[in-house]
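Enquirer: show me the folded form of this:
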Amino acid sequence: MTDTVAHETAAADAQAGAQPVDVEAAVLAIGDRARRASRAMARANRAWKDRALRSIGAALKEHEASILSANTKDLDEGRANGTSKALLDRLALTPARIDGLVAALENLAGLPDPVGNVVRGQTLPNGLRMRQVNVPMGVVAAIYEARPNVTVDIAGLALKSGNAVILRGGSAAAHTNRELVGILRDTLAGVGLPEDAVQTVDEYGRAGAEVLMKARGRVDVLIPRGGRELIQNVVLNSTVPVIETGEGNVHIYVDESADEEMAVNILVNAKTQRPSVCNTVETLLMHSKSTVLPAVARALAERGVRLHVDGRSMSALPEGVEAVPATDFDWATEYMDLDLAVATVDSLDEALDHIRRWSTGHTEAILTNDLRNAERFVAEIDSAAVIVNASTRFTDGGELGLGAEVGISTQKLHARGPMGLTELTTTKWIVQGEGQVRG
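Expert: Below is the predicted model:
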């Protein structure tokens, strides 16, 4: 959130002789339009919303060339500005990734509509009939960076759950997001839903994001998604209620009983399939009696992973596998790159202590053939997702059958873990009577 879009806009206005933009008024007006659009979305039935989602998917394919062209501009500017390889990976769209967005929209259309779902209900002794039902949040805002796929994911989830959404996607993806938001708005208008159900404040830069964070009364919930600096800025400065999505300092503990082939396959997948995302493993904890570290280390090194290891792990590495000594910095770091911290522990207790100290509460996994150890790990780890004998890459809305996700919440109130459709709803109590009064 360090771009100069607002300043550039003001400069252009000055050169053209126009009045400077009142960013606060402009963003609040966006909030007012979103509020009106949210009322229409709350009334839309499932068939209407699903038709919109499928139409958006078709439009993305129809305009694939223009989307990729816009994305190329963002990538070129990112490289010129020295953007990291990991950030460029998150920024990049490809035909395959667009196909993935289309598939996610189709999956969303096939999921049940959470709106109107009865959470609980009963008839009271006095004859009152009460029920608690899911209803849309209203206006959902999201602030994120360099992730144009999130533009489509969040919009799709918001629309299916009957909400309007305001997006702030950051300057790194400005060209791509402008193209995507235009497609989303045009498609909504084409199916008879309000185009203002999807809006962006990107043109107002950092100043616009700051107004959005304080648009209490116009925005019902704000969801930040990105690096620690962005998330903490939103959490600490927003007056709008925030659902905090956290960084992913993810651990895998390999128990003494873990199978070597399984450990190799899972670690390679969890570290190398897409290292720039938050569910990638960042720390490997090896039981001192396990014999799988040489095979794991060799497989990771062959795929370009740089190991940061403690003294005991260093002595167990096979010949030819290079590593650097680990420090406390490594245990605390979310690399989001081809780096992995490795420590040797003598027990499950020691592994649990390490995770409790350094975890960000995102995802932790255990590889084991000991049922008691698995059950204890699940019971004692206090993270949003706990995995037994599988890759941490499964902590993902699409992989867990949610269609997509707004983000992965690491807090405990309202939502925790991958946030899908239900997490973008709240509840309403409906009480029906026949003239009852309270005595």
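Enquirer: ranges for the helices of the stretch 201-350 of the chain?
Expert: 205-213, 228-237, 260-272, 293-302, 311-316, 328-331, 348-358 (DSSP state H, counting those that start in this stretch).
Enquirer: now the end-to-end length of stretch 381-401.
Expert: From its first residue to its last, stretch 381-401 covers 23 Å (CA to CA, to the nearest Å).
Enquirer: tell me the mean pLDDT for that stretch?
Expert: Averaged over stretch 381-401, pLDDT sits at 94.
Enquirer: try stretch 355-371
Expert: Taken as a whole, stretch 355-371 has an average pLDDT of 97.
Enquirer: what about stretch 136-145, how long is it end to end?
Expert: Start-to-end, stretch 136-145 (CA to CA) is 25 Å.
Enquirer: same question, stretch 265-280
Expert: Start-to-end span of stretch 265-280 (CA to CA) is 14 Å.
Enquirer: same question for stretch 328-338.
Expert: End-to-end distance for stretch 328-338, by CA to CA: 18 Å.
Enquirer: try stretch 288-299
Expert: In stretch 288-299, first residue to last residue: 19 Å (CA to CA).
Enquirer: what residues does it touch?
Expert: Stretch 288-299 is contacted from outside by 254-256, 258-260, 263-264, 267-268, 284, 286, 307, 312-313, 316-318, 320-321, 323, 342, 344-346, using CB atoms under 8 Å, 6 or more residues apart in numbering. (Each C-beta comes from the backbone N, C-alpha and C, glycine too.)
Enquirer: so which bits of the longest helix seen in the chain are buried?
Expert: Counting by DSSP state H, the longest helix found in the chain is helix 23-43. Judged by neighbour count (16 or more other CB atoms under 10 Å), helix 23-43 contains these buried residues: Val23, Val27, Leu28, Ile30, Gly31, Arg33, Ala34, Arg35, Ala37, Ser38, Met41, Ala42.
Enquirer: how near is His287 to Ala323?
Expert: From His287 across to Ala323, the span is 19 Å (CB to CB, to the nearest Å).
Enquirer: more neighbours: which of these two?
Expert: Taking other CB atoms under 10 Å, His287 and Ala323 do not tie; His287 has more neighbours (24 against 18).
Enquirer: Gln432 touches Leu124, doesn't it?
Expert: No: when contacts are counted by CB atoms under 8 Å, Gln432 is not listed as touching Leu124 (10.7 Å).
Enquirer: narrow the contacts of stretch 288-299 to those that are buried.
Expert: 254-256, 258, 263-264, 267-268, 284, 286, 307, 313, 316-317, 321, 323, 342, 344-345.
Enquirer: contacting residues around Ala25?
Expert: Contact partners of Ala25, counting by CB under 8 Å, 6+ apart, are absent.
Enquirer: please report the distance of it from Gly208.
Expert: 11 Å.
Enquirer: can you check Arg120 too?
Expert: For Arg120 relative to Gly208 (CB to CB), the value is 40 Å.
Enquirer: the residue nearest to Gly190 when sequence neighbours are not counted: what secondary structure?
Expert: What sits nearest to Gly190 in space, not counting adjacent residues and going by CB to CB, 6 or more residues apart in numbering, is Ser55, at 6.6 Å. Here Ser55 is recorded as helix under DSSP: H, G, I helix; E, B strand; the rest coil.
Enquirer: cool, Ala365 as well?
Expert: Three-state call for Ala365 (three-state DSSP): strand.
Enquirer: coming back round to it: quick one: which of Arg120 and Gly208 has more around it?
Expert: Shown here are Arg120 and Gly208; by other CB under 10 Å, Gly208 has more neighbours (24 against 9).
Enquirer: and the closest residue to the more buried one other than its chain neighbours, how many neighbours does it have?
Expert: Once flanking residues are discounted, Gly208 sits nearest to Val201: 3.9 Å by CB to CB, 6+ apart. Residues lying near Val201 (other CB under 10 Å) number 25.
Enquirer: remind me which residues of the chain are low pLDDT?
Expert: Under the criterion pLDDT under 70, the flagged ranges of the chain are 1-19.
Enquirer: which stretches of the stretch 101-250 of the chain form strands?
Expert: Ranges of strands in the stretch 101-250 of the chain, per DSSP state E, counting those that start in this stretch, are 118-123, 129-136, 139-144, 164-168, 198-200, 221-225, 250-254.
Enquirer: in the longest one, what's buried?
Expert: Right, strand 129-136. The neighbour-count check on strand 129-136 (16+ other CB under 10 Å) flags Arg131, Val133, Asn134, Val135, Pro136 as buried.
Enquirer: tell me which of these is nearest to Glu380?
Expert: Distance to Glu380 across the buried residues of strand 129-136 (CB to CB) is lowest for Asn134, with 31.9 Å.
Enquirer: that closest one pairs with what?
Expert: In this structure, Asn134 bridges to Thr427 when assessed by DSSP bridges.
Enquirer: show me what contacts it?
Expert: Residues in contact with Asn134 (CB under 8 Å, 6+ apart) are Pro114, Val115, Gly116, Asn117, Val119, Thr422, Thr425, Thr426, Thr427.
Enquirer: ok, Leu159 next?
Expert: Contact partners of Leu159, counting by CB under 8 Å, 6+ apart, are Met41, Lys49, Ala52, Leu53, Val165, Leu188, Leu193, Ala197, Val198.
Enquirer: change it to 6 Å
Expert: Shown in contact with Leu159 (CB atoms under 6 Å, 6 or more residues apart in numbering): Lys49, Ala52.
Enquirer: try Asp346
Expert: Counting by CB under 6 Å, 6+ apart, Asp346 touches Ser288.
Enquirer: distance of it from Glu380?
Expert: Distance of Asp346 to Glu380, computed by CB to CB: 17 Å.
Enquirer: quick check: end-to-end length of stretch 82-93?
Expert: In stretch 82-93, first residue to last residue: 19 Å (CA to CA).
Enquirer: give the buried residues for it.
Expert: For stretch 82-93, a neighbour-count test (16+ other CB under 10 Å) marks Thr83, Ala86, Leu87, Leu88, Arg90, Leu91, Ala92, Leu93 as buried.
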